[in-house]
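Asks: Pasting a predicted model and its sequence here:
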Amino acid sequence: MLLYAALDAAGVVLEVGDVQAVFDVAELDRITVQTVITWITVAGRSPVG
């Protein structure tokens, strides 16, 4: 759930094929998932361009 929330907060719109990838990442160990969430969160705050 936290992974979906991070993606949503970063403005990422999931497409059909992305859903399985999110499930796959969510099944990894807690530290790895938290690291991915942190990357998404930071990327969502970073200005583009």
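Replies: The structure has been received and is ready for your questions. Numbers count the residues shown, from 1 in each chain.

Asks: SS state for residue 14?
Replies: Under DSSP: H, G, I helix; E, B strand; the rest coil, the three-state class of residue 14 is coil.

Asks: ok, now which ones touch it?
Replies: 7, 22 (CB atoms under 8 Å, 6 or more residues apart in numbering). C-betas here are computed from N, CA, C, even on glycine.

Asks: Local confidence estimate at it?
Replies: What the model reports as pLDDT for residue 14 is 91.

Asks: do the one 4 residues further on as well
Replies: At residue 18 the predicted local confidence, pLDDT, stands at 92.

Asks: for the helix or strand containing it, packing partners?
Replies: Assigned by DSSP states H and E, residue 18 belongs to helix 16-26. Applying 3 or more CB pairs under 8 Å, 6 or more residues apart in numbering; DSSP states H and E, we find helix 16-26 packed against helix 2-9, helix 30-45.

Asks: pLDDT on the first one, on average?
Replies: Averaged across helix 2-9, the pLDDT comes to 89.

Asks: Compute the inter-axis angle for that helix and helix 16-26.
Replies: If you take axes from the mean of the first three to the mean of the last three CA atoms, to 10 degrees, helix 2-9 sits at 130 degrees to helix 16-26.

Asks: quick revisit: return the most buried member of the helices and strands packed on helix 16-26.
Replies: Across those, the average number of neighbours (mean count of other CB atoms under 10 Å) peaks for helix 2-9, which reaches a mean of 15.

Asks: List of residues touching it?
Replies: In contact with helix 2-9 (CB under 8 Å, 6+ apart) are residues 14, 22, 25, 26, 33, 36, 37, 40, 41, 44.

Asks: so can I have JSON lines of these showing distance to residue 7?
Replies: Listed next are the contacts of helix 2-9 as JSON lines, based on distance: CB to CB, whole Å:
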{"residue": "14", "distance to residue 7": "7"}
{"residue": "22", "distance to residue 7": "7"}
{"residue": "25", "distance to residue 7": "10"}
{"residue": "26", "distance to residue 7": "11"}
{"residue": "33", "distance to residue 7": "12"}
{"residue": "36", "distance to residue 7": "10"}
{"residue": "37", "distance to residue 7": "9"}
{"residue": "40", "distance to residue 7": "6"}
{"residue": "41", "distance to residue 7": "10"}
{"residue": "44", "distance to residue 7": "8"}
